[in-house]
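Q: Next come a sequence and a model predicted from it.
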Amino acid sequence: MAEIYKGPGNQKDYQYSLDFLNDVFFSEEENPRDFLSLLPKLYQEEYNHCENNLIVSVDGKWKGAVGLYFDDVDVVGNKLVCGGIGNVAVGKDCRGAGYMQECMQLAMDRLIERDADFSVLGGQRQRYGYFSFAPAGYEHHFSFNAQNLKHVFGADYKPELTAVKVEENDAESIEFIKKLYNSNPDKFIRPDDKFYEYLLSWRQVPYIFKDGDEAVAYCVFNGDMGAVVEIKAISFDYFKKLIPSAFVLTGRKDLNFEFPLYEKEYIEYMSQVAEGHSIDHSSSLTVLNWKRFIKAYFELKASYTKLLDGKMSFLIHGYKKDESFTISVNNGEVTFSDEVENPLELTHHEAVALFFSLFSIKTYEMPSNVASWFPLHWYIHPADKV
């Protein structure tokens, strides 16, 4: 009789697990990929990634696996816990046997056991919708090309900043990036000893930009996407100067730039000079502690935009539990109360759509002042995805 195991993996299977995952996800190609090079922050042997995988094995052989990796998040001083889900894998010889569903359920159970506030993943919408995930988040994308560069900065413009690739042993540059990144009002707490490895996620490359000998900005470039996916400068003037320097750095005739909405000064400028502008969801999201999560992102939004006065009660039939509360805004101050009256009743997916997606029909059922609160602007940097 076959021996079936369901639960966390074992670190003794480290190399076997990497071979299993790489075989499931990647095939022979000219530009080969593997999990260790894609996400060194997770898959190096000393990080015990096997124990962060929920697996189903038969006679010691992995049949399915779901990686679940926890991070702390700081949202304008509110501490949240994120459980990121990645490497959702089923062996090629057992597709359709239900192993993915079993592993995902193990992961969802662990999220609840750990009292995680939310979870994120990438993948096909309907597949993960069964486990409460839905597309969410709010990110701005700008396309900027050589003609834009010529007309904005002039045909003879010489970039004033020098780009320097950041290497693992460059402690000064890493500390500079860390300081700028940690000034964000919404951030994952990237451990100091792994901060550089976070920047390398998804084959990204970090750079600092110098004005003479002074570091004044940084960016993280994803060559596969032709995109600057993380960017910060010590001043707005240096942000503008970074753009032509980024073209010199990459040698490209077009670049894409990605921003969270709290970078409103950057977004305003790019919307005036870039060739293209689009808004998209950031990832797939589920919320497990609704009141705590929503409170944090209401306070974030109130920190950089004016919220209209209003009051409304909600009842959310969440994946983890039902939650009810009343949100009030008075002179820009947001308060939450457990007392409710005539609440707007929402399924879990309706709540994700209302609070954190680009569109929700439920806003048409609200007074206009309350409807203007939504969506809240949740975002996750690519370096923090798993």
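A: Arrived safely, thanks for sending. Since the model is a prediction, treat every value here as computed from it, not as a measurement.

Q: Could you list the low-confidence segments of the stretch 151-300 of the chain?
A: Counting by pLDDT under 70, the stretch 151-300 of the chain contains no low-confidence range.

Q: List the contacts of stretch 329-336.
A: Judged by Cβ atoms under 8 Å, 6 or more residues apart in numbering, the contacts made with stretch 329-336 from elsewhere in the structure are 291, 294-295, 298-299, 302, 306-311, 325-328, 373. Every C-beta, even on glycine, is put in place using the N, C-alpha and C of the backbone.

Q: let's see 6 Å
A: Counting by Cβ atoms under 6 Å, 6 or more residues apart in numbering, stretch 329-336 makes contact with K295, F298, A302, L307, D309, G310, F325, I327, S328, all of which sit outside it.

Q: per-domain residue ranges of the protein.
A: Each structural domain of the chain that the record assigns through automatic domain parsing is listed here as a residue range: 4-116, 139-280, 285-371.

Q: Which among these is found nearest to R125?
A: Proximity of these to R125 was assessed by Cβ to Cβ; the nearest stretch is domain 285-371, lying at 10.7 Å.

Q: and the closest one, how far apart are its ends?
A: One end of domain 285-371 to the other measures 21 Å (Cα to Cα, to the nearest Å).

Q: how far does it sit from the chain's center?
A: How far domain 285-371 lies from its chain's middle: 21 Å, per Cα atoms, centre = their mean, to the nearest Å.

Q: do stretch 274-294 as well
A: That offset, for stretch 274-294, works out to 8 Å (Cα atoms, centre = their mean).

Q: What of stretch 137-156?
A: Between the mean C-alpha location of stretch 137-156 and the chain-wide mean there is a distance of 24 Å, by Cα atoms, centre = their mean.

Q: Show me which positions of it end up buried.
A: Using 16 or more other Cβ atoms under 10 Å as the test for burial, stretch 137-156 gives G137, Y138, E139, H140, H141, F142, S143, F144, N148, L149, V152, F153.

Q: then that stretch to CSV, C-alphas only?
A: Taking Å, rounded to 0.1, in the frame of the first residue of the first chain, the C-alpha atoms of stretch 137-156 are listed here in CSV:
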residue,chain,number,x,y,z
GLY,A,137,-4.0,46.3,-6.4
TYR,A,138,-3.3,49.5,-8.2
GLU,A,139,-0.1,50.3,-10.1
HIS,A,140,0.8,52.9,-12.8
HIS,A,141,2.8,51.9,-15.9
PHE,A,142,4.5,54.4,-18.2
SER,A,143,6.2,53.7,-21.5
PHE,A,144,8.9,56.2,-22.4
ASN,A,145,10.8,56.1,-25.7
ALA,A,146,13.7,57.8,-27.4
GLN,A,147,11.5,60.4,-29.0
ASN,A,148,10.1,61.4,-25.7
LEU,A,149,13.6,61.6,-24.4
LYS,A,150,14.6,63.9,-27.2
HIS,A,151,11.7,66.3,-26.8
VAL,A,152,11.7,66.4,-23.0
PHE,A,153,15.4,66.7,-22.4
GLY,A,154,16.7,68.0,-25.8
ALA,A,155,18.5,66.3,-28.6
ASP,A,156,21.9,67.3,-27.2
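
Q: Check what contacts it and list those residues.
A: By Cβ under 6 Å, 6+ apart, the residues outside stretch 137-156 that reach it are 244, 247, 253-259, 261, 267, 270, 273-283, 377-379.

Q: Any quick PyMOL command for the buried ones out of those?
A: Typed into PyMOL, the next command selects the buried ones out of the contacts of stretch 137-156 (criterion: 16+ other Cβ under 10 Å):
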select buried, resi 244+247+254+255+256+257+258+259+261+267+270+274+281+282+283+377+378+379
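
Q: Sort out for me which of the contacts of stretch 137-156 are in strands.
A: With strands taken from DSSP state E, the overlap with those comprises D254, L255, N256, F257, E258, F259, G276, H277, S278, I279, D280, S283.

Q: Show me the two of those residues that sit farthest apart.
A: D254 and S283 (24.6 Å).

Q: Would you agree L161 is in contact with S245?
A: Yes - when contacts are counted by Cβ atoms under 6 Å, L161 is listed as touching S245 (4.2 Å).

Q: Of those two, give the one with the bigger neighbour count.
A: Between L161 and S245, L161 has the larger neighbour count (other Cβ atoms under 10 Å), namely 24 against 20.

Q: Got the phi and psi for the more buried one?
A: Listed backbone geometry of L161 is phi -110, psi 150, with angles given as degrees, to the nearest 10.
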